[in-house]
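Participant: coordinates for the following, if possible.
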Amino acid sequence: MNKRMKKLTAVLLSAVMALSAAMPAAAESFTITNSYHWDGEKWVEFSSDTGSTISKTDRASLLKKLKSESGWVELEGSWYFVKDGEPVTGWLKDGGKWYYLDADGVMQTGWLNEGGVTYYLSGSGAMKTGWVQVEGSWYFFGGSGAMKTGWLQQGSKWYYLSPQNGVMATGTRTIGGKTHSFNSSGVWTGETAAATNPAGGIKNILNSAPLHPQYSVSDRLNKDVGKLMDAILTDDMDTYTKVRTVFDYMIENYTYGLSGLDILLNDEEMFALYFSGGTNEYMAVEILETGVGVCDNYSAAFAAVMRAIGLDCEVVYGVAYTTSGSGSGHAWTVITVNGTEYIFDPQIEQNIALRDGTVHYYRFGPTYASIPGRYDVSGYIPFLS
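Facilitator: Numbers count the residues shown, from 1 in each chain. Next up is the predicted model:
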């Protein structure tokens, strides 16, 4: 017990001794044990065998003595954090760690549901992040402390966390009508029906797509696309890996915003292309060279690279909707394989990833039918030919 705790306990004990003589016989009481008091020369342990009692009607007066304390204080087995004479409530960051104190100021441990979000607090009260084992089951908590559910990617490995309780899956699980396998460490090892990936079975689809490379009428765009492909793609990659590598690169390296009109105003070719219908050409060059752009730029650049790989990729415009149902004008891309359009939207995927630092691939290859209500198509923006 530190000196501050000993001092506080002594203060409490002094109050106890002063009040005990006048305590009503019928008063409801509780016991303080293993405390210390000041005998005038030194701190002396107060016996847990004899203890001492004080009526709950006087508890308020004891709590008032917390006003003379600061920082962490233990009282009757519960921890409080006193600041400016008052117990702190809610979230508290101390020593680089987060703690949660309830409405009475009592530090919480174990499971916590706050504002519809599930957290786990260690025995010392500190909020946990990353992988945590609780009673034999594994859970994952993001950087904010929020418990994750659903598909989780860690490096090149995928895991599945129960949407109901967050427990990491092992063995076999039926997810979205398909049976998936996981090893004893929770790593996804594939679907039993086909060798696909957890993003939705797009791997086999992309790898089966016929390739017919298409290039732009803009030499500048062709050079920009070629430079990017040389930098991040290799000949031994299959089509799926190339698509995902480009998708990941855009999410990790591009910034949403307006880059200005320098390219448009200072390059005669770009100026002429833009005003003759070459919107995609200009938008793609802008973000490939500056790293900054809006949804139109992301989509045009992604489509330009996909077309150079040989895939049938188009830029689509219309309305995109959030989970709450609000919609706004947007541009995205689709890759068509065997007559079916598969959505690739790196800009929205980047927005989703910014929430928790994880790329979930929700907009990497779904069909419109698999995510109903997310897009309304108005039309397509063609590349010049």
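
Participant: strand partners (parallel or antiparallel) of the helix or strand harbouring Y80?
Facilitator: Following DSSP states H and E, one finds Y80 within strand 78-83. Paired strands of strand 78-83, with direction, are strand 71-75 (antiparallel), strand 86-87 (antiparallel) (DSSP bridges).

Participant: switch those over to a markdown table; also include mean pLDDT.
Facilitator: Output for the strands paired with strand 78-83, formatted as a markdown table (pLDDT from 0 to 100):
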| stretch | mean pLDDT |
| --- | --- |
| strand 71-75 | 85 |
| strand 86-87 | 85 |
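
Participant: make JSON lines from those and add mean neighbour count and distance to G365 to it.
Facilitator: Any C-beta I mention is one placed from the backbone N, CA and C, and that applies to glycine too. Written out in JSON lines, the entries for the strands paired with strand 78-83 read as follows (neighbours: other CB atoms under 10 Å; distance: least, CB to CB, whole Å):
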{"stretch": "strand 71-75", "mean neighbour count": "16", "distance to G365": "51"}
{"stretch": "strand 86-87", "mean neighbour count": "16", "distance to G365": "52"}
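
Participant: so for G325, which of these sits nearest?
Facilitator: Closest of the strands paired with strand 78-83 to G325 is strand 86-87, at 41.2 Å (criterion: CB to CB).

Participant: any idea which helix or strand comes after the closest one?
Facilitator: Once strand 86-87 ends, the next helix or strand along the chain (criterion: DSSP H and E) is strand 90-94.

Participant: pull out the buried residues from that next one.
Facilitator: For strand 90-94, burial by neighbour count (16 or more other CB atoms under 10 Å) applies to L92.

Participant: what bits of this protein have low per-residue confidence?
Facilitator: Across the chain, residues meeting the criterion (pLDDT under 70) sit at 1-68, 177, 191-200, 260-265.

Participant: the chain: helices as residue ranges?
Facilitator: In the chain, the segments counted as helices under DSSP state H are 3-20, 59-64, 202-208, 219-232, 239-253, 262-266, 268-274, 279-290, 295-309, 346-356.

Participant: out of these, which is the most enclosed?
Facilitator: For the helices of the chain, ranked by mean neighbour count under the definition mean count of other CB atoms under 10 Å, the leader is helix 295-309 at a mean of 26.

Participant: returning to what we had before: okay, the strands paired with strand 78-83 in a markdown table with distance to W98 next?
Facilitator: Below are the strands paired with strand 78-83 laid out as a markdown table (distance: least, CB to CB, whole Å):
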| stretch | distance to W98 |
| --- | --- |
| strand 71-75 | 14 |
| strand 86-87 | 17 |
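
Participant: chain center to stretch 286-304: distance?
Facilitator: 25 Å (CA atoms, centre = their mean, to the nearest Å).

Participant: the helices of the chain: which one's closest to K157?
Facilitator: Across the helices of the chain, K157 has its closest neighbour in helix 239-253 (14.6 Å, CB to CB).

Participant: what's the angle from the closest one to helix 279-290?
Facilitator: Between the axis of helix 239-253 and that of helix 279-290 there is an angle of 60 degrees, by axes from the mean of the first three to the mean of the last three CA atoms, to 10 degrees.

Participant: packing partners for helix 239-253?
Facilitator: In terms of contact count using 3 or more CB pairs under 8 Å, 6 or more residues apart in numbering; DSSP states H and E, helix 239-253 is assigned the packing partners helix 202-208, helix 219-232, helix 295-309, helix 346-356.

Participant: buried ones in the strand holding Y80, by neighbour count?
Facilitator: Going by neighbour count (16+ other CB under 10 Å), the buried part of strand 78-83 is W79, Y80, F81, V82.

Participant: which one of those residues is nearest to Y317?
Facilitator: Nearest to Y317 out of the buried residues of strand 78-83 is F81 (CB to CB; 53.0 Å).

Participant: just to revisit the earlier point, can you lay out the buried residues of strand 78-83 as JSON lines showing distance to Y274?
Facilitator: Rendered in JSON lines, the data for the buried residues of strand 78-83 read as follows (distance: CB to CB, whole Å):
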{"residue": "W79", "distance to Y274": "64"}
{"residue": "Y80", "distance to Y274": "64"}
{"residue": "F81", "distance to Y274": "60"}
{"residue": "V82", "distance to Y274": "64"}
